[in-house]
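Asker: below are the sequence and a predicted model; questions follow.
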Amino acid sequence: MKYEFVYDERLGIELPLLHEDWGSLSAAERAAILHEWEKIRGRIPNRIQQLETEIVEKQNRLNVEDDFPLSCRLNTEIAELASCITDLHLWFRADQDVSDKGHH
């Protein structure tokens with residue numbers, strides 16, 4: 001198999017995993033990858049919205065939390081969710097040419 005899409009637990013979407021350089025794939029294989037990626041890419045805004053909802057819920061909990069260690073944990077969780085959103089934005093805005101950078 002020259003490529004696959006692997007579920008990323010942190011981001012909640014499948015990401016392309018190329019086992020060969022993009023340029024060595026046939027036009028049909030590149031088209032198939034792009035077709036699948038566009039379906040996945042179309043779900044990213046909904047995933048971002050889900051994470052934003054989680055952030056708001058945690059912020060609301062944080063606003064009334066008196067336990068300092070729990071407040072720290074909530075802050076860490078909020079930061080991680082925000083990091084996921086940033087990564088999803090990067091994937092969403094990535095060129096349509098699926099890159100294998102960092103995915104070997």
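Answerer: Now that the structure is in, tell me what you want to look at.

Asker: hmm, what's the outermost residue in the chain?
Answerer: residue 66 (32.3 Å; C-alpha atoms, centre = their mean).

Asker: helix/strand/coil for that one?
Answerer: Here residue 66 is recorded as coil under DSSP: H, G, I helix; E, B strand; the rest coil.

Asker: how near is it to residue 74?
Answerer: For residue 66, the distance to residue 74 equals 12 Å [C-beta to C-beta, to the nearest Å]. Quick note: C-beta positions are derived from backbone N, CA and C, even for glycine.

Asker: do residue 23 as well
Answerer: Separation of residue 23 from residue 74 (C-beta to C-beta): 46 Å.

Asker: quick one, strands of the protein?
Answerer: For the chain, the strands defined by DSSP state E cover 3-8, 13-18.

Asker: so which of these is the most packed in?
Answerer: Comparing these by mean neighbour count (mean count of other C-beta atoms under 10 Å), strand 13-18 ranks first with a mean of 18.

Asker: partners of that one in the sheet?
Answerer: strand 3-8 (antiparallel) (DSSP bridges).

Asker: quick one: the helices in the protein?
Answerer: For the chain, the helices defined by DSSP state H occupy 27-41, 44-64, 68-93.

Asker: quick one: closest of these to residue 7.
Answerer: helix 27-41 (10.1 Å; C-beta to C-beta).

Asker: extract the C-alpha trace of the closest one and format it as CSV.
Answerer: Provided in CSV are the C-alpha atoms of helix 27-41 (Å, rounded to 0.1, in the frame of the first residue of the first chain):
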residue,chain,number,x,y,z
ALA,A,27,-2.1,10.5,-11.2
ALA,A,28,-4.9,8.1,-10.3
GLU,A,29,-3.5,7.5,-6.8
ARG,A,30,-3.0,11.2,-6.2
ALA,A,31,-6.6,11.9,-7.3
ALA,A,32,-7.9,9.2,-5.0
ILE,A,33,-5.9,10.7,-2.1
LEU,A,34,-7.2,14.2,-2.8
HIS,A,35,-10.8,13.0,-3.2
GLU,A,36,-10.6,11.2,0.2
TRP,A,37,-8.8,14.2,1.8
GLU,A,38,-11.5,16.6,0.6
LYS,A,39,-14.2,14.5,2.3
ILE,A,40,-12.2,14.5,5.5
ARG,A,41,-11.3,18.2,5.1
